[in-house]
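*Asks:* Okay, sequence plus prediction incoming.
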Amino acid sequence: MSEIHFREMASKSWLNFLTFLCGSAIGFVLCSQLFSFMLGEQDNTQPNILHNDPHAKHSDDNGQNHLEGQMNFNADASQHKDENTHIAERLYQKVRILCWVMTGPQNLEKKAKHVKATWAQRCNKVLFMSSEENKDFPAVGLKTREGRDQLYWKTIKAFQYVYDHYLEDADWFMKADDDTYVILDNLRWLLSKYNPEQPIYFGRRFKPYVKQGYMSGGAGYVLSKEALKRFVEAFKTDKCTHSSSIEDLALGRCMEVIHVEAGDSRDNTGKETFHPFVPEHHLIKGFLPRTFWYWNYNYYPPIEGPGCCSDLAVSFHYVDPTTMYELEYLIYHLRPYGYLYRYQPALPANNLKELSQAYKSEDSKVKSETLERKT
Amino acid sequence: MLSESSSFLKGVMLGSIFCALITMLGHIRVGRGNRMHHHMHHHLQAPNKEDISRISEDERMELSKSFRVYCIILVKPKDVSLWAAVKETWTKHCDKAEFFSSENVKVFESINMETNDMWLMMRKAYKYAFDKYRDQYNWYFLACPSTFAIIENLKYFLLKKDPSQPFYLGHTIKSGELEYVSVEGGIVLSIESMKRLNSLLSNPETCPEQGGMIWKISEDKQLAVCLKYAGVFAENAEDSEGKDVFNTKTIGVFIKEAMNNQPNQIVEGCCSDMAVTFNGLTPNQMHVMMYGVYRLRAFGHVFNDALVFLPPNGSDND
């Protein structure tokens, strides 16, 4: 009888024990749920830019996830959203530039292609001039031969073509090589001070052989509408000779004959804007040896080092394809955030009144910040 | 029945007490873990537009001055031409820049670390900088002489990042389990990270002077191991498009790669508009970068930036 009782007691305590365990398990679970709920809330009340990043994981995140996360937080996909190009756009409309690029059939893919992919898009109109037509590129066929001795002939024919087809489409007419990089925004700034009805042309001025100087072919040069008209006229009336093996010199001579002024393209601190070489050659003291022809050719006193080149440079020459894209990146993409540039150019008040108004409001902000620096 | 229900209730009570105890204990650990967890995310982004638009014009100058960056450049005698270039170019934009050399070099002012070992140089430099300048600078940037850095873009990147948090950022590389910031792209440490690093430097177990057993471990990996013990983790710095902001190559290398891999989008595929570093430049290229970054630009493109940085005094190449 006591055995049964004992077994009964044992089973009862087993049962008790089981219920006890059950209870503690349930209690534990309920409690942990409660705690995690409370702690979870606490987490959410810490907004922090760090939370913008949805990734808490390791590097198996791929770029796609990253961008999706971006869209959730309304962040800026484009790096240029803060950019105000109002002034550049107004200049684009007011100072219309037609660019023509001297190239040839064998250089379309090697060189001209990279010009087309970078700065050429900023011309109001761009034409690629070759000895033979290429409908796909597209390139204009001048029906000449190729070669250095053909350069002047190609130049004459190119300007003739532009005169015949596009005279009214632009105010200024720029010639460049397929290894020249041109910064159109800065060219427009330079030309905005002048009237396209003036007989004038700009480039990197050289002094030998021509009294008023002549413009380097490689650095590029730009003719006013009046200058273009006179140039084309000069060949119809035989004022200028057709034959020459030195393109830029021959053109410069012609310009003098037809009374087109060789302009001063330097900025208002006297720094050159058109450059016959890449930045490195001008910026590094001693890069160009003292015996180099360049030192005797420059019309204005030549400078090496930081004073060589304007902040608002217009052109560089002997630019290989890689350097084309590098310049494009440095000028139109990479910038030092918030940096107050030392050189603050002014827009002339006589031309383009509305443009100077818009610029003055920017200028005054700059001035007030500069004043702050002085105090 | 009654005894069963009472034992059940006892069980519930015990269970909840046990759970509460564990949670409290865990919360202290989890709490710290949570803070650590913040810095477990390995991709760190630039500020976005919303953060910037809230800053008023007057606040901008003040805000700009709140970033004080101390630059450490580790040099050896063989780097003399790069050293000269770096001294004349980008380091002028640091709030303070000092050169730490393996030995004294004539004509060049530097702090002599008296060792040829890069890891030892790095440790000593960090210790020197922390001991001397901990109250004056809140961000510490370490670079090689072949690196070009744009400090303004570094400060912009650090906008909204609290230096009392343990930041350790740059261009990260994964080596097995270890994620570390490559010294070639430049290493950025907040003052908090410097504090934690310096507290560990004297400890030979966490921060040994001799890294690997058989072959040497590079100094940037050793730094990462050391920082990890202090709960500081490497983060890769990226812009809003996911592009690296710290680069271990030159622009030219990126362009050439893009010309091969994505010929239709070369400049877009290259690099961030707010890149902070490029590495592998020659001295001449450094001078060209100064012109290309701080001077050459297109007229008529105006930006409304949240920060204002003035050009350094007595300088003619920026």
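*Replies:* That came through fine.

*Asks:* Report the separation between the closest residue to B:His171 other than its chain neighbours and B:Glu219.
*Replies:* Spatial nearest neighbour of B:His171, chain neighbours left out: B:Gly185 (3.2 Å); criterion: Cβ to Cβ, 6 or more residues apart in numbering or on different chains. C-beta coordinates here come from the backbone N, C-alpha and C atoms, glycine included. Distance of B:Gly185 to B:Glu219, computed by Cβ to Cβ, to the nearest Å: 14 Å.

*Asks:* more crowded one of the two?
*Replies:* Looking at B:Gly185 and B:Glu219 with other Cβ atoms under 10 Å in any protein chain shown, you find the greater number of neighbours at B:Gly185, namely 29 against 21.

*Asks:* about what we covered before: find residues that contact each of B:Gly185 and B:Glu219.
*Replies:* With contacts taken as Cβ atoms under 8 Å, 6 or more residues apart in numbering or on different chains, B:Gly185 and B:Glu219 have no neighbour in common.

*Asks:* list the buried ones in stretch B:173-192?
*Replies:* Along stretch B:173-192, these residues count as buried under the neighbour rule (16 or more other Cβ atoms under 10 Å in any protein chain shown): B:173, B:179-192.

*Asks:* and that stretch, how far apart are its ends?
*Replies:* 22 Å (Cα to Cα, to the nearest Å).

*Asks:* Ok, stretch A:114-127 next?
*Replies:* Note: stretch A:114-127 ends 14 Å apart using Cα to Cα.

*Asks:* ranges for the helices of the chain?
*Replies:* No chain in the question, so chain A it is. Ranges of helices in chain A, per DSSP state H, are A:2-44, A:63-72, A:86-94, A:113-117, A:151-166, A:184-191, A:225-236, A:247-257, A:279-283, A:294-297, A:321-332, A:353-374.

*Asks:* Correction: the question concerned chain B.
*Replies:* B:2-38, B:49-53, B:57-65, B:80-88, B:118-133, B:151-157, B:191-201, B:219-229, B:251-261, B:266-270, B:283-294.

*Asks:* Return the most buried member of the ones you listed.
*Replies:* Highest mean neighbour count among those (mean count of other Cβ atoms under 10 Å in any protein chain shown): helix B:151-157, with a mean of 25.

*Asks:* before we move on, back to that, in TSV, list the helices of chain A along with mean neighbour count.
*Replies:* Shown next, in TSV, are the helices of chain A (neighbours: other Cβ atoms under 10 Å in any protein chain shown):
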stretch	mean neighbour count
helix A:2-44	13
helix A:63-72	13
helix A:86-94	17
helix A:113-117	21
helix A:151-166	19
helix A:184-191	25
helix A:225-236	18
helix A:247-257	22
helix A:279-283	22
helix A:294-297	15
helix A:321-332	22
helix A:353-374	13
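
*Asks:* rank those helices by pLDDT, which is bottom?
*Replies:* Lowest mean pLDDT of the helices of chain A: helix A:63-72, a mean of 30.

*Asks:* And A:His165, how close does it get to A:Phe159?
*Replies:* From A:His165 across to A:Phe159, the span is 11 Å (Cβ to Cβ).

*Asks:* what does B:Arg196 give?
*Replies:* Look at B:Arg196 and A:Phe159: by Cβ to Cβ, they are 69 Å apart.

*Asks:* Spatially central residue in the chain, please.
*Replies:* Went with chain A since none was named. The C-alpha lying nearest the average C-alpha coordinate of chain A belongs to A:Tyr332 (Cα atoms, centre = their mean; 3.2 Å).

*Asks:* was after chain B, sorry
*Replies:* Here the mean C-alpha position of chain B is nearest to the C-alpha of B:Val188 (Cα atoms, centre = their mean), at a distance of 2.0 Å.

*Asks:* what's the neighbour count on B:Pro77?
*Replies:* Burial of B:Pro77 is recorded as 14 neighbouring residues (other Cβ under 10 Å).

*Asks:* so how many other residues sit close to residue 309?
*Replies:* Here I'm looking at chain A. With other Cβ under 10 Å as criterion, A:Cys309 counts 22.

*Asks:* Wait, chain B was what I had in mind.
*Replies:* B:Phe309: 21 neighbours (other Cβ under 10 Å).

*Asks:* Spit out the contact partners of it.
*Replies:* A:336-340, B:64, B:93, B:152, B:155.

*Asks:* any chance of those in CSV, with distance to A:Asp136 too?
*Replies:* Converted to CSV, the contacts of B:Phe309 look like this (distance: Cβ to Cβ, whole Å):
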residue, distance to A:Asp136
A:Pro336, 41
A:Tyr337, 41
A:Gly338, 45
A:Tyr339, 43
A:Leu340, 46
B:Ser64, 51
B:His93, 47
B:Glu152, 44
B:Lys155, 48
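
*Asks:* of those residues, closest to B:Glu241?
*Replies:* Using Cβ to Cβ, A:Tyr337 comes nearest to B:Glu241 of these, at 15.5 Å.

*Asks:* Rank the contacts of B:Phe309 by pLDDT and give me only the lowest.
*Replies:* pLDDT across the contacts of B:Phe309 is lowest for B:Ser64, at 91.

*Asks:* In space, what's closest to the residue nearest to the centre of chain B - neighbours in sequence excluded?
*Replies:* Per Cβ to Cβ, 6+ apart, closest to B:Val188 is B:Leu169, 4.9 Å.

*Asks:* I'd like to know how many residues surround A:Gln344.
*Replies:* Residues near A:Gln344, counting by other Cβ under 10 Å: 12.

*Asks:* Can you name the residue of the stretch 51-200 of chain A nearest chain B?
*Replies:* Closest to chain B within the stretch 51-200 of chain A is A:Ala88: 3.2 Å, counting by Cβ to the nearest Cβ.

*Asks:* rewinding a little: what bridges to the residue nearest to the centre of chain B?
*Replies:* Here B:Val188 sits in beta bridges with B:Phe141, B:Leu169, as judged by DSSP bridges.

*Asks:* contacting residues for A:Ala117?
*Replies:* A:Ala117 makes contact with A:324-325, B:266 under the criterion Cβ under 8 Å, 6+ apart.

*Asks:* and of these, the nearest to B:Leu14?
*Replies:* In terms of Cβ to Cβ, no member of the contacts of A:Ala117 lies closer to B:Leu14 than B:Ile266, at 69.3 Å.

*Asks:* Quick check: the gap between that closest one and A:Lys175.
*Replies:* Applying Cβ to Cβ to B:Ile266 and A:Lys175 gives a distance of 25 Å.

*Asks:* Repeat that for B:Pro312.
*Replies:* Applying Cβ to Cβ, the value for B:Pro312 to A:Lys175 is 40 Å.

*Asks:* of the two, who's got more company?
*Replies:* Neighbours were counted for B:Pro312 and for A:Lys175 using other Cβ under 10 Å; A:Lys175 has more, 26 against 13.

*Asks:* Who are the contact partners of the residue nearest to the centre of chain B?
*Replies:* Contacts of B:Val188 by Cβ under 8 Å, 6+ apart are B:139-141, B:154, B:158, B:167-170, B:181, B:237.
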